[in-house]
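A.B. asks: Below are the sequence and a predicted model; questions follow.
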Amino acid sequence: MANVFAYESSELDWCEDNYRYSEHVVEYFNTVSSFFFFIVAPIMLYLLHPYAKQRSLAIHMVWIMMIFVGLFSAYFHMTLSFVGQMLDELSILWVLAVGYATWFPRKLFPSFIKDRSTFSRLVLLITVITTVSSFVKPTANAYALNCFGLHLLYTLAVEMRCCTDQKALRLAKLSVALWVLAISCWISDRLCCSFWQWLNFCYLHGIWHILIVMAVAYGSTLVAYLDASNEIPYSLPGLEYWPCDKWAVGFPHIVLSSSPKTQKRC
Ligand SMILES: CCCCCCCC/C=C\CCCCCCCC(=O)N[C@@H](CO)[C@H](O)/C=C/CCCCCCCCCCCCC
Ligand SMILES: [Ca+2]
Ligand SMILES: [Zn+2]
């Protein structure tokens with residue numbers, strides 16, 4: 001059996017030139033950009049804390065696991081090893097599983113499921129089966145994972161159909177825009193590498209890392225906000241941006257208050 005820890009033992013190789021900046025790091029920019037996860041995750045943990053305290057501290061699992069996604073992604077791009085690839089992909093699968101178990105809207109549960117704990121057990125079962133099957137054709141895993149992005153988009157579209165809350169609608173548009181930009185970079189890096197090499201700009205996968213973390217920060221805050229509006233409406237959840245609510249860009253987060261709000265809810 002070939003050494004699964006060996007450098008370049010993965011069948012995947014991203015467009016960035018290998019060993020360009022270091023003899024120990026296969027894809028330098030892709031490795032360094034994975035550290036962006038370490039910056040965003042603690043900020044999101046801090047910003048989501050008031051909501052998690054009210055709803056369930058288990059919500060923090062999503063961003064704690066995102067730190068591991070960043071760690072495994074850095075290890076994968078540093079080595080391009082098979083183990084690195086599987087750790088990177090399986091950690092994404094398990095964050096998605098925790099995200100679905102935590103936030104998937106109750107009203108969209110299959111009709112035979114009555115409560116969240118049964119739904120979580122079903123998600124667990126599917127995730128374990130998917131984890132085992134991911135070893136059958138590892139090159140297909142990343143494409144399969146991206147399908148969850150499409151499903152999330154569909155779920156958001158269904159949830160937002162009757163929404164009149166302008167802040168939530170703006171956050172939905174920003175999340176989708178970031179995801180579209182991110183996925184365009186990912187696909188272009190995979191499929192149009194010779195074009196980017198001709199332009200001498202092979203950094204699209206690293207840019208994807210940065211954009212997808214921001215898309216997850218925006219998208220997950222939106223689903224958390226919809227969840228808070230449905231599950232703890234008495235806390236009067238609202239949306240704000242950090243560090244300054246008036247800035248055009250920032251990290252979205254949920255504010256809970258006991259004073260009556262006039263804004264329309266979803
Ligand atoms: C109701 C459901 C709520 C779900 C909440 C979402 C929880 C977070 C989910 C996913 C985390 C994604 C992390 C991406 C890590 C990137 C690491 C990486 O680049 N890996 C590549 C190899 O280096 C690998 O090829 C990438 C594979 C594709 C991963 C696709 C993940 C889908 C993410 C969907 C995010 C949607 C954002 C919001 C959209 C409105
Ligand atoms: Ca490469
Ligand atoms: Zn990557």
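C.D. replies: Great, that's in hand. Ligands and ions are numbered 1, 2, ... in the order given.
A.B. asks: Name the helix or strand for the residue nearest to the spatial centre of the chain, please.
C.D. replies: Geometric centre of the chain, nearest residue: Val216, 3.9 Å, by Cα atoms, centre = their mean. Per DSSP states H and E: Val216 is located in helix 204-231.
A.B. asks: So which bits of that helix are buried?
C.D. replies: Buried residues in helix 204-231, defined by neighbour count with 16 or more other Cβ atoms under 10 Å: 204-229, 231. In this view, the C-beta of every residue, glycine as well, is placed from N, C-alpha and C.
A.B. asks: show me what contacts Ala228?
C.D. replies: 51, 54-55, 235, 237, 254, 256 (Cβ atoms under 8 Å, 6 or more residues apart in numbering).
A.B. asks: So which of those residues are in strands?
C.D. replies: Ile254 (DSSP state E).
A.B. asks: filter the contacts of Ala228 down to the ones near ligand 2?
C.D. replies: Contacts with ligand 2 within the contacts of Ala228, counted by Cβ under 5 Å from the ion: none were found.
A.B. asks: just to revisit the earlier point, keep only the buried residues of helix 204-231 that also lie close to ligand 1.
C.D. replies: 209, 212, 215-216, 219-220, 223 (Cβ under 6 Å from any ligand atom).
A.B. asks: Identify the residues contacting the closest residue to ligand 2 within the stretch 51-200 of the chain.
C.D. replies: Residue of the stretch 51-200 of the chain nearest ligand 2, by Cβ to the ion: Leu80 (7.1 Å). By Cβ under 8 Å, 6+ apart, Leu80 lies in contact with 7-10, 12-13, 18, 26-27.
A.B. asks: What parts of the protein come near ligand 1?
C.D. replies: Counting by Cβ under 6 Å from any ligand atom, the chain sits next to ligand 1 at 62, 69, 73, 76, 88, 92, 95-96, 99-100, 103-104, 142, 145-146, 148-149, 152-153, 155-156, 175-176, 179, 209, 212, 215-216, 219-220, 223.
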